[in-house]
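> okay, here's the prediction I keep looking at, along with the sequence it came from:
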Amino acid sequence: MMKKLIALTLSAALLLGSAAALTPEEAFPDKNAYPGYGDVQAGDWFASAAQVCYEVGLMTGTNAGFSPDKILTVGEVAAIAARMNEAITGEAIPAPIPNPYIPWYQHYVDYLTKRGVNVSDPEKNATRQEFMSMLSAVTPEDMLSPINAVTALPDTADAAVLAFYNAGILTGVDRWGTFAGDKTLTRAETAAMAARIARPALRQSFVPADYAPFAAAGLKPADVLFTNGVTAQQYLPVVMERIGELEAACAAEGVEFNWFHTYGEQTFLDYVKKSALSSLGVTRAMGTQLYQNFDVQVFYSRLIDLQAPAIL
């Protein structure tokens, strides 16, 4: 009896082993010889992604080459997502029906729809959020091993999006990691996402820059604060630098920071405001409405709250 139990246990273990998840390399083997594109140079940031997507059969070129700056439609990204699902699951995409009245992308859309993936308005330009929703639906969790520790983004708290950041597949559109879900997608950007799923070696280690100053100010980095084009990205670091100088002076004297202490003949508040303007070559009169609404004291208080360590 014991021998039979051992045999059954071994048999079950073998079955479980045979059902083990595929690695990305196993799911996406090379099957096409990369011919190169006239509009993709070796030093281009997307060159490796374009090559991988061609070799594994996720993307091919256009009549003009790879066309890295071309914006993709929902139907086009649905085709890529469907090909990815086919590679990962082995569930074949049905051949298209030879009917001139049926759009070329319809069999891809139908394939995804039958698997619970929403594909709406295939003719319109796709957004990053729409493609990410498709990728989340077709990419198994075990292909998203984390290499980063991103816990927050400037514009989304979506756990599925964060999983792709932590897997090194997304890094956002700026150094703060902004997802920009409503932004359209170029072929280069799409290839980068798809290739990083297929080839983990292409994934990116990423630590977002501190977004707390912008959250505290209620501003975005690109917000224009002065009529000469100076932005929040330029202005806030200068304000923080001036405050830092005063904090250091207070620490050296063993006193608490107070906006109404004096620095020279000015209060701390006036010093921060005036010296920040002077260092950027702007005046208060040049300030936009966003600048007029900016309150240095409120900003400083909120920044302290945001940067304070959590109390457990």
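That came through fine. All figures in this text were calculated on a predicted structure; none of them were measured in a lab. Residues are numbered from 1 along each chain as shown.
> what's around the spatially closest residue to residue 104 that is not a sequence neighbour, how many residues?
Using CB to CB, 6 or more residues apart in numbering and skipping residues adjacent in sequence, the residue nearest residue 104 is residue 96, 6.9 Å away. All C-beta spots, glycine's among them, are computed from the backbone N, C-alpha and C. As a burial measure, residue 96 scores 14 neighbours (other CB atoms under 10 Å).
> correct me, but residue 198 touches residue 24?
Yes: Residue 198 is within contact range of residue 24, at 5.5 Å (criterion: CB atoms under 8 Å).
> what segments of the stretch 101-250 of the chain are helices?
When assigned using DSSP state H, counting those that start in this stretch, the helices of the stretch 101-250 of the chain occupy the ranges 106-113, 128-138, 159-166, 187-198, 212-217, 232-253.
> show me what the next helix-or-strand element following the longest one is packed against.
It stands for helix 232-253. Per DSSP states H and E, the first helix or strand lying C-terminal to helix 232-253 is strand 262-263. Of the remaining helices and strands, none touches strand 262-263 by 3 or more CB pairs under 8 Å, 6 or more residues apart in numbering; DSSP states H and E.
> can you name the next helix or strand after strand 262-263?
Next in sequence after strand 262-263, counting helices and strands by DSSP H and E, comes strand 266-267.
> show me what that next one is packed up against.
Applying 3+ CB pairs under 8 Å, 6+ apart, we find strand 266-267 packed against no helix or strand.
> quick one: mean pLDDT for that strand?
Averaged across strand 266-267, pLDDT comes to 95.
> following element in sequence after it, please.
Using DSSP H and E, the helix or strand that follows strand 266-267 towards the C-terminus is helix 268-280.
> tell me what that next one is packed against?
Here helix 268-280 is seen to pack against helix 232-253, helix 296-307 when contacts are counted using 3+ CB pairs under 8 Å, 6+ apart.
> before we move on, back to that, could you say which helix or strand holds the residue nearest to residue 104?
Using DSSP H and E, no helix or strand contains residue 96.
> how close does residue 209 sit to residue 110?
43 Å (CB to CB, to the nearest Å).
> comparing these two, which residue is more hemmed in?
Taking other CB under 10 Å, residue 209 and residue 110 do not tie; residue 110 has more neighbours (18 against 12).
> for that one, what are its contacts?
residue 94 (CB atoms under 8 Å, 6 or more residues apart in numbering).
> next one: it, what pLDDT does it get?
We have a pLDDT of 97 for residue 110.
> quick one: contacts of stretch 147-155?
Against stretch 147-155 from outside (CB under 8 Å, 6+ apart): 161-162, 165-168, 172, 176-181, 203, 205-208, 211, 214-215, 220.
> same check on stretch 31-43?
Under CB under 8 Å, 6+ apart, the answer for stretch 31-43 is 46-47, 50-51, 54-57, 61, 64-68.
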